[in-house]
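> from the sequence below, what's the structure:
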Amino acid sequence: MLYSHLSEVKGEAMSDTFDEVRKGFHSSRANEAIKALSKRGFDARYFHSAGEAVKAVLDIIPAGATVGAGGSVTLHELGILERLSEAGAQVMWHRPEMDPVESLSVRKEAVRATFFLTSSNAITMEGELVNTDGIGNRVAGMIFGPETVIVLAGVNKLVADRDEAISRVRNVAAPANARRLGLDLPCVERGKCVDCRSPMSICRITTIISLKPIWTDLKVFLIGEPLGL
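Residues are numbered from 1 along each chain as shown. Predicted coordinates:
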């Protein structure tokens, strides 16, 4: 009985230790990425928790502001769009229940908003943002149109370089998002990109943002938790 109790206590202590190790690893890795992003002109910040990042966004965007959003599981997990709407912002984001005409209209309005929120498929340790879109509204909003863009991304989006970023997009983000959207694509079945030419392919436009766009205040908020796909 005593041995069992001691084992349980030891197990809890080891779990606490592992949690601290993970936090320390994510923090050091993210802070290195922040340095690289900052050197490229981005307003880059690290937040230990999702709650801290959400608060920072709410502090930046005033009530009454227009806010657009690109498709993002991360934004959904954070609940940030709902929070902004409750705070008085005019938030524009497309949703699955919208018909194609309304969805297209909302996407166009979103990239003309003062603020634009989204995530990134991959962020390199060298300070670049790599993304692939099917329609292009998300990457368009990240580059030109809104005055301020805020990219929120979990530490799981960090990769070494462009090659690893492209691999993550093709073999993690794209298959996972295709499954989320209920698309009948080869990558859903195989769990990796097969470079298909399907009419439903969501891999049509790939962008690499290597420096902050000249006329866009692009902020990158890294969060010390796994978020998105």
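> nearest spatial neighbour of the most centrally placed residue in the chain, skipping sequence neighbours?
Central residue of the chain (C-alpha atoms, centre = their mean): S119, 2.3 Å from the mean position. Among residues not flanking S119 along the chain, T74 sits closest, at 3.9 Å (C-beta to C-beta, 6 or more residues apart in numbering). (C-beta placed from N, C-alpha, C; glycine too.)
> surely the one you found is in contact with L152?
Yes: contact criterion C-beta atoms under 8 Å: T74 and L152 qualify, at 5.7 Å.
> higher neighbour count, the two?
Each of T74 and L152 has its neighbours counted (other C-beta atoms under 10 Å); L152 has more, 28 against 24.
> and that one, what are its bridge partners?
F221 (DSSP bridges).
> contacting residues around it?
Applying C-beta atoms under 8 Å, 6 or more residues apart in numbering to L152 gives the contacts 53, 57, 72, 74-75, 78, 80, 117-119, 221, 223, 227.
> run through the protein and note the low-pLDDT ranges.
Along the chain, the model assigns pLDDT under 70 to residues 1-15.
> one more time with 90
Low-confidence segments of the chain (pLDDT under 90): 1-19, 21-23, 96.
> which residue ranges of it form helices?
2-39, 50-60, 73-78, 80-86, 100-110, 137-143, 162-168, 174-180, 186-190 (DSSP state H).
> among the ones you listed, which is nearest T216?
Nearest to T216 among the helices of the chain is helix 137-143; the distance by C-beta to C-beta comes to 6.9 Å.
> D184 versus the residue nearest to the centre of the chain, what's the distance?
25 Å (C-beta to C-beta, to the nearest Å).
> returning to that earlier point: any shared contact partners between T74 and L152?
The overlap between the contact sets of T74 and L152 (C-beta under 8 Å, 6+ apart) consists of S119, L227.
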